[in-house]
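J.: structure for the following, please:
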Amino acid sequence: MTTQAVPREPQQDRSRATRGRLLEAAIDCLASNGWAGTTVAVVAERAGVSRGAAQHHFRTREELVTAAVEYGSEVRTAQMREHLSALAGRRPSTLEVLTLLGEMYTSPLFRAALQLWVAAGSDEQLRARVVPLEARVGREAHRLAVEALGADESVPGVRESVQATLDLVRGLGLADLLTDDSARRSRLLRQWAATLDLTLHRTEAP
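T.: Numbers count the residues shown, from 1 in each chain. Model prediction:
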């Protein structure tokens, strides 16, 4: 009887999977343990890999956590785009878009990013990594909001209103850190959706 060899997972795939586990674990650690409790060793243990394997991918904690937040932002943005694409061709209502943005800014990823921002405030080396990262993430969030809302930024006031929307949902995310603020957040988002509609669609009035 011959034994058929089981195909080995290509090394590149294994490496990619290990990297992914480390990034997910880093987000989880930052969100739950904060910056001080997120070390390469702790993240490696949570990811189920050796510290040596973790340091093969990321030499320092700063590299690991900034890569994790960037990765998480890309994943959340892709998920939101997929959700919007699944609406069978109809444009989502303003409130639907604000609700999705609100979920993004109350996720573990946002908690992780917040821990990173706070730490960067007193660490010049970390801040040098976080500032350009935040700029990229901010531009992508703004672009996504414009697309989802169908906003015409050539109309005076629209660009500022979209940015105010992002500032609002980010602030509501902060309010949710210590206690469940979902009820108040829902009321505020409904009111802001009505206000934003007046700006976004005022040129469509007869």
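J.: how close does the most centrally placed residue in the chain sit to T66?
T.: When Cα atoms, centre = their mean is applied to the chain, the residue found nearest the centroid is S73 (3.3 Å). Using Cβ to Cβ, to the nearest Å, we find S73 at a distance of 11 Å from T66. Placement of C-beta: from N, CA and C, glycine included.
J.: and what of V131?
T.: Counting by Cβ to Cβ, the gap from V131 to T66 is 11 Å.
J.: same deal with L189?
T.: 30 Å.
J.: ok, E147 next?
T.: Plainly put, E147 is 26 Å away from T66 if you go by Cβ to Cβ.
J.: which one of those two is surrounded by more residues?
T.: T66 (22 against 13; other Cβ atoms under 10 Å).
J.: check what pLDDT the more buried one gets.
T.: Looking at T66, its pLDDT reads 95.
J.: so which helix or strand takes in it?
T.: helix 61-85 (DSSP states H and E).
J.: against which helices or strands is the next helix or strand after that helix packed?
T.: Next in sequence after helix 61-85, counting helices and strands by DSSP H and E, comes helix 94-104. Counting contacts by 3 or more Cβ pairs under 8 Å, 6 or more residues apart in numbering; DSSP states H and E, helix 94-104 is packed against helix 61-85, helix 124-149, helix 158-175, helix 182-200.
J.: now what about the helix or strand just after helix 94-104, what contacts it?
T.: The first helix or strand that comes after helix 94-104 along the chain, using DSSP H and E, is helix 108-120. Helix 108-120 is contacted by residues 26-28, 30-32, 34-35, 38, 65-66, 68-69, 72-73, 75-76, 104, 126-127, 129-131, 134, 137, 170, 173-174, 177 when judged by Cβ atoms under 8 Å, 6 or more residues apart in numbering.
J.: now do helix 108-120 against helix 94-104, angle only.
T.: Angle, helix 108-120 to helix 94-104, by axes from the mean of the first three to the mean of the last three Cα atoms, to 10 degrees: 60 degrees.
J.: run the angle between helix 108-120 and helix 158-175 for me.
T.: When the same axes, to 10 degrees is applied, the directions of helix 108-120 and helix 158-175 differ by 90 degrees.
J.: how far does helix 108-120 sit from its chain's centre?
T.: Relative to its parent chain, helix 108-120 has a centroid offset of 10 Å by Cα atoms, centre = their mean, to the nearest Å.
J.: got it, and stretch 59-68?
T.: Mean C-alpha position of stretch 59-68 versus that of the full chain (Cα atoms, centre = their mean) differs by 16 Å.
J.: buried ones in it?
T.: Across stretch 59-68, burial judged by 16 or more other Cβ atoms under 10 Å covers R61, E62, L64, V65, T66, A67, A68.
J.: circling back: my guess is the residue nearest to the centre of the chain contacts V137, does it?
T.: Yes. Shown here, S73 and V137 form a contact pair, counting by Cβ atoms under 8 Å, at 4.7 Å.
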